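# this is the structure alone, sequence omitted:
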């Protein structure tokens, strides 16, 4: 079997020699994904330099016959057929072409999530520093005694660094177990097929162990320096205080933590808002209660009889057939031109029957849809974008020409008569602008479309599908009945963004949790330093509320500073992300307000417990000299 992470998947392989297009000699009327294996040592660039000559060799004749101009004149007019070699390993993350074999990933997302993971790890290190510093009072006497007994500053720093590294290694073991535990859930959310195999070989384990040691040394360096610098006489008397530089550093670390947290909260809100927009945007057709049946081409001449039986099912409103439904990569490339002009318009093509546009729920802007009442085999329907790009002022009744014969014998251009203009509707994801669409009647092809579309109006669609499946089996007993709901296929177009939203959300929660722990550590440390001050204020008549306000406002200032720092970066980053969509929301200002209020509320709840606890402490105990 082909690996799950391959971009080329199939159920079976068949020789192209058995299909009509294999004998096609009009080389500008069809296309296919083409794989080229180069000889060892051959530079792709060297091969690519020969492609223009190769294209001219095979395209010059059809261009001359179809357009009446030489290939060189065709190129000078801005037309042409251009090919390039694409490394197979570069497709998944770096290719953004039309009609890819399967949805690709995004190198940008890989970098974004790698940076976020690094920031979360950095936040965890900062959190460790703050918590270790906050607990320094608990170990102050230990340091004083060790120094009195002869321990040097270097020895003490080494001890604390060793403890930090051991804690980091223990965290690595726990993290490895968590990866094994949550990987199936992550694969389910992201749609990936990741395994632990690449991470459990000797080299990867050593690399990760090395990373754990580096993290332990980095996170433990500052607390080790603080603890080993305590003066034994002062700490044994219970008197120790932080320097202004240390206080500024700790405040800066908290600001950094909350800046990242707020950035992630804003990103999550923007991603959610954009996804909600593209899911609710008017598409130009009605995707609800629309079912697609695949492999209908196997019905052959029995297709019309099968469709009539489906139309007889109670709850089935309409049935149509098509070569390509919205959201699928089955729209083929096609070129049209006006008579008397050499310049052609490239767009997407689709083959449909007489009922398809009505079944889809598309709206005609001018003219009419296909109908059995007319001989529409050489009729064509254009969307508004195609009419605009072709420059057709009064399109109905006009003739357009195409070299695309779709396997029919002959070399002359095909002349179509425009009978209708359909209002623009989205047939690709909202990442792309609506392209010119050329809709041809299936009668020109003399073969059946491979997809049927059912419009269902029933509170119980599964019962209708069960009945449809039984009818299918009566026609094709050996062919599986495969169907899908069009709205589900449409949602699948944004699976990557939906996974990103969930991952952003998880990272946001994780970052906030870690940042709150760091803030809690800083609050514990500051309150410990101000214990006597709090006692004096209480003796002088300060209320619990005033003390809580005094202690909390300094921490809330840090969160507000973090909001000010994070907002411009979030604005820039999410604006860049939104540029990937041709149709997108305006940056929501309220996302920044919500992120700020949420961060302030979480920070206040984190700090308030320690503040209230300190405010309620008996002043006699806090003023007592040890």
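Sure, I can see it. The model shown is predicted, which means the values in this text are computed figures rather than measured ones.
# show me how the protein divides into domains.
16-84, 107-279+494-623, 295-481 (automatic domain parsing).
# got those domains as CSV, with mean pLDDT, mean neighbour count and distance to residue 2 columns?
All C-beta atoms are positioned from the backbone trio N, CA, C, and that covers glycine. What follows is these, written out as CSV (pLDDT from 0 to 100; neighbours: other Cβ atoms under 10 Å; distance: least, Cβ to Cβ, whole Å):
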stretch, mean pLDDT, mean neighbour count, distance to residue 2
domain 16-84, 79, 13, 14
domain 107-279+494-623, 81, 17, 12
domain 295-481, 89, 18, 19
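# got JSON lines for those, with distance to residue 5 too?
Formatted as JSON lines, the domains of the chain follow (distance: least, Cβ to Cβ, whole Å):
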{"stretch": "domain 16-84", "distance to residue 5": "18"}
{"stretch": "domain 107-279+494-623", "distance to residue 5": "6"}
{"stretch": "domain 295-481", "distance to residue 5": "19"}
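# so how far is the host helix or strand of residue 112 off the chain centroid?
Residue 112 is part of helix 107-134, with elements assigned from DSSP states H and E. Put simply, helix 107-134 sits 21 Å off its chain's centre (Cα atoms, centre = their mean, to the nearest Å).
# same for it, what does it pack against?
The helices and strands touching helix 107-134, judged by 3 or more Cβ pairs under 8 Å, 6 or more residues apart in numbering; DSSP states H and E, are helix 91-94, helix 153-190, helix 202-228, helix 244-280, helix 495-529.
# give me the contact list for stretch 50-61.
27, 28, 70, 71, 81, 82, 83, 84, 85 (Cβ atoms under 8 Å, 6 or more residues apart in numbering).
# can you give me the angle the helix holding residue 112 makes with helix 244-280?
150 degrees (axes from the mean of the first three to the mean of the last three Cα atoms, to 10 degrees).
# how about the strands in the stretch 451-600 of the chain?
Secondary structure of the stretch 451-600 of the chain by DSSP state E, counting those that start in this stretch: the strands cover 451-456, 483-485.
# looking at the domains of the chain, which is closest to residue 6?
domain 107-279+494-623 (10.1 Å; Cβ to Cβ).
# just how off-centre is the closest one within its chain?
On Cα atoms, centre = their mean, the centre of domain 107-279+494-623 falls 27 Å from that of its chain.
# kindly report the same for stretch 350-357.
That offset, for stretch 350-357, works out to 32 Å (Cα atoms, centre = their mean).
# check stretch 423-443 too.
23 Å.
# measure it end to end?
23 Å (Cα to Cα, to the nearest Å).
# and the domains of the chain: which comes nearest residue 3?
domain 107-279+494-623 (8.3 Å).
# how close does the nearest residue to residue 456 once chain neighbours are set aside get to residue 324?
Spatial nearest neighbour of residue 456, chain neighbours left out: residue 289 (4.6 Å); criterion: Cβ to Cβ, 6 or more residues apart in numbering. Distance, residue 289 to residue 324, using Cβ to Cβ, to the nearest Å: 20 Å.
# circling back to that earlier point, for residue 208, find the nearest of the strands of the stretch 451-600 of the chain.
Comparing these by Cβ to Cβ, strand 483-485 comes nearest, at 41.2 Å.
# list the buried ones in the closest one?
For strand 483-485, burial by neighbour count (16 or more other Cβ atoms under 10 Å) applies to 483, 484, 485.
# what residues does it touch?
290, 291, 292, 293, 294, 465, 468.
# ok, now which ones touch the residue nearest to the fourth one when sequence neighbours are not counted?
If you skip the residues right next to it in sequence, residue 293 has residue 452 as its closest partner in space, 4.2 Å away by Cβ to Cβ, 6+ apart. Applying Cβ under 8 Å, 6+ apart to residue 452 gives the contacts 292, 293, 296, 306, 307, 310, 319, 320, 321.
# now do 10 Å
Residue 452 makes contact with 291-297, 299, 303, 306-307, 310, 319-322, 325, 353, 356, 359, 468, 472, 483, according to Cβ atoms under 10 Å, 6 or more residues apart in numbering.
# cool, residue 584 as well?
Residue 584 neighbours (Cβ under 10 Å, 6+ apart): 270, 273, 274, 277, 278, 430, 431, 575, 577, 578.
# what's the distance between the second one and residue 503?
In this view, residue 273 and residue 503 are 17 Å apart by Cβ to Cβ.
# my read: residue 127 touches residue 253, true?
Yes: shown here, residue 127 and residue 253 form a contact pair, counting by Cβ atoms under 10 Å, at 8.5 Å.
# overlap in contacts of those two?
515, 518, 519, 521, 522.
# tell me the one of those residues nearest residue 388?
Once Cβ to Cβ is applied, the member of the shared contacts of residue 127 and residue 253 that ends up nearest residue 388 is residue 515, at 51.6 Å.
# so the closest one versus residue 248, what's the distance?
Residue 515 is 18 Å from residue 248, by Cβ to Cβ.
# number of nearby residues for residue 284?
20 (other Cβ atoms under 10 Å).
# quick one: residues contacting it.
Here residue 284 is in contact with 326, 360-363, 383-384, 422-427, 434 (criterion: Cβ under 10 Å, 6+ apart).
# same question for residue 169.
Contacts of residue 169 (Cβ under 10 Å, 6+ apart): 209, 212, 213, 215, 216.
# let's see 6 Å
For residue 169, the contacting residues are residue 212, by Cβ atoms under 6 Å, 6 or more residues apart in numbering.
# let's have the chain start at 182 instead
Let's use 182 as the start, then, which means that last one is residue 350.
# could you report the distance from it to residue 398?
11 Å.
# what do you get for residue 614?
52 Å.
# in strands, which of the contacts of strand 664-666 appear?
Judged by DSSP state E, the subset of these located in strands is 471, 472, 473, 474.
# how about JSON lines for those, with pLDDT and neighbour count added?
Converted to JSON lines, the ones in strands among the contacts of strand 664-666 look like this (pLDDT from 0 to 100; neighbours: other Cβ atoms under 10 Å):
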{"residue": "471", "pLDDT": "94", "neighbour count": "24"}
{"residue": "472", "pLDDT": "94", "neighbour count": "21"}
{"residue": "473", "pLDDT": "94", "neighbour count": "21"}
{"residue": "474", "pLDDT": "93", "neighbour count": "23"}
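# nearest to residue 374, of the shared contacts of residue 308 and residue 434?
Using Cβ to Cβ, those come closest to residue 374 at residue 696, 32.8 Å.
# could you list every residue that touches the closest residue to that closest one other than its chain neighbours?
Excluding the flanking residues, the one nearest residue 696 by Cβ to Cβ, 6+ apart is residue 438, at 3.8 Å. By Cβ under 6 Å, 6+ apart, the contact set of residue 438 is 304, 307, 696, 699.
# and the residue nearest to the second one when sequence neighbours are not counted, how far is that from residue 448?
It stands for residue 307. Here the nearest residue to residue 307 in space, its sequence neighbours aside, is residue 434; by Cβ to Cβ, 6+ apart that works out to 4.4 Å. Relative to residue 448, residue 434 is positioned 22 Å away (criterion: Cβ to Cβ).
# next: residue 698.
Counting by Cβ to Cβ - residue 698 and residue 448 are separated by 22 Å.
# can I get the contacts of strand 664-666 in CSV with distance to residue 366?
Below are the contacts of strand 664-666 laid out as CSV (distance: Cβ to Cβ, whole Å):
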residue, distance to residue 366
471, 31
472, 30
473, 30
474, 33
475, 30
646, 30
649, 35
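# closest one of the residues you listed to residue 364?
The closest of those, once distances to residue 364 are taken by Cβ to Cβ, is residue 475, at 31.8 Å.
# and the pLDDT for the closest one?
The model reports residue 475 with a pLDDT of 90.
# look up the closest residue to it, ignoring the ones flanking it.
residue 663 (4.4 Å).
# number of nearby residues for that neighbour?
Neighbours of residue 663 using other Cβ under 10 Å come to 12.
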